[in-house]
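J.: quick one: sequence and predicted model below, then my questions.
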Amino acid sequence: MGESENSKGLILAVASSVFIGTSFILKKKGLKRAGSNGTRAGVGGYTYLLEPLWWAGMVTMIIGEVANFVAYVYAPAVLVTPLGALSIIISAILAHFLLREQLQKMGVLGCVSCIVGSVVIVIHAPQEHTPHSVQEIWNLATQPAFLVYVAATLSLVFGLIVHFEPRCGQTNILIYLGICSLMGSLTVVSIKAIGIAIKLTLDGVSQLAYPQTWFFITVAVICVITQLNYLNKALDTFNTAIVSPVYYVMFTTLTIIASAIMFKDWAGQDVSSIASEICGFITVLSGTIILHATREQEPAPTQGNVHWYISGDSRNLEEEHLITLRDSDYLEH
């Protein structure tokens, strides 16, 4: 593809990140409201389906995913996927103001690292060869190397759902997000195939008669539904500022691996460009890890300044008042 095609993919990927980053916050607020009125999503509840704010988040996410969907048609996954780091920055900033989840100074450094790494990746992004039919994409998808990746991915997902989720899903964030990320890597390659099929069909070369087109659509639908289910559980169970970066790191890594195996994104690039992309990617990962570490070390919030009085009666009254404030704040959130 030419530079203009990559530019279209770049613009769509950035717009997608803005919408998706916002959707995390809207869905989180919706899940919190729904959890206060019924069974939480993290323990199997679905009352969030009646919450308008959650649906607003869903609509926002769908818009972002559609933009992302089209971006994959125009640009390689090695360019589009890392730009998802921008959604982390958006969600971290909005969480700071709307969810009162503190963004510390190191968190700002993490955001800057994500931006710098993304710029490096954009500058050195490869030009991608566009398949000319769904059958050509099918040939890529049935390569022995990619079939091994698919088999390993499905085995891991099955193991996480059957064995690990019932035992430590509520305490280990990697369980829910591992399922989301593994399925997400298959979603991306399927969506890229569907997008190319749609583009070719609109150009007058219909791909709808091929069973492979409908196979890719079926795979994408199953993967997206699975991702949404477990992402909702992760958002309801863990802090948004932890979910976003960890999900991004895992999803991006697996997607780039899957795309590199299937589409051979780096074929034809020189060593210096590949090295620059890897360095940019590592910079982005470092930024997300800094955000994650900052959240883990975040101290428990306090309700204003605590004043201790010398007299026993005054001290008891102050303690009782502080306990009441904390209890009411807990119930509110």
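T.: Great, that's in hand.
J.: now do the domain split for the protein, please.
T.: 3-301, 302-333 (automatic domain parsing).
J.: highest mean neighbour count out of those domains?
T.: Mean neighbour count (mean count of other CB atoms under 10 Å) peaks for domain 3-301 among these, with a mean of 19. All C-beta atoms are positioned from the backbone trio N, CA, C, and that covers glycine.
J.: tell me how far that one lies from the chain's centre.
T.: The chain centre lies 4 Å from the centre of domain 3-301; the measure is CA atoms, centre = their mean, to the nearest Å.
J.: start at 869, not 1
T.: Sure, I'll start numbering at 869, so the last one becomes domain 871-1169.
J.: ok so, going back, could you tell me the least trusted of the domains of the chain?
T.: Per-stretch mean pLDDT for these is lowest at domain 1170-1201 (a mean of 39).
J.: what does stretch 1133-1141 rub up against?
T.: By CB atoms under 8 Å, 6 or more residues apart in numbering, the residues outside stretch 1133-1141 that reach it are Pro944, Ala945, Val946, His992, Pro994, Glu996, Ile1124, Ser1127, Ala1128, Ile1142, Glu1145.
J.: redo that, cut-off 10 Å
T.: Stretch 1133-1141 is contacted from outside by 944-947, 991-997, 1124, 1127-1128, 1142-1146, using CB atoms under 10 Å, 6 or more residues apart in numbering.
J.: end-to-end on that stretch?
T.: From its first residue to its last, stretch 1133-1141 covers 12 Å (CA to CA, to the nearest Å).
J.: same check on stretch 898-918?
T.: Using CA to CA, the end-to-end distance of stretch 898-918 comes to 9 Å.
J.: and if you look at stretch 940-960?
T.: The first and final residues of stretch 940-960 sit 25 Å from each other (CA to CA).
J.: helices of the protein, start to end?
T.: 871-905, 920-942, 945-948, 953-966, 973-991, 1002-1009, 1012-1027, 1033-1036, 1041-1070, 1079-1105, 1108-1131, 1139-1164, 1180-1200 (DSSP state H).
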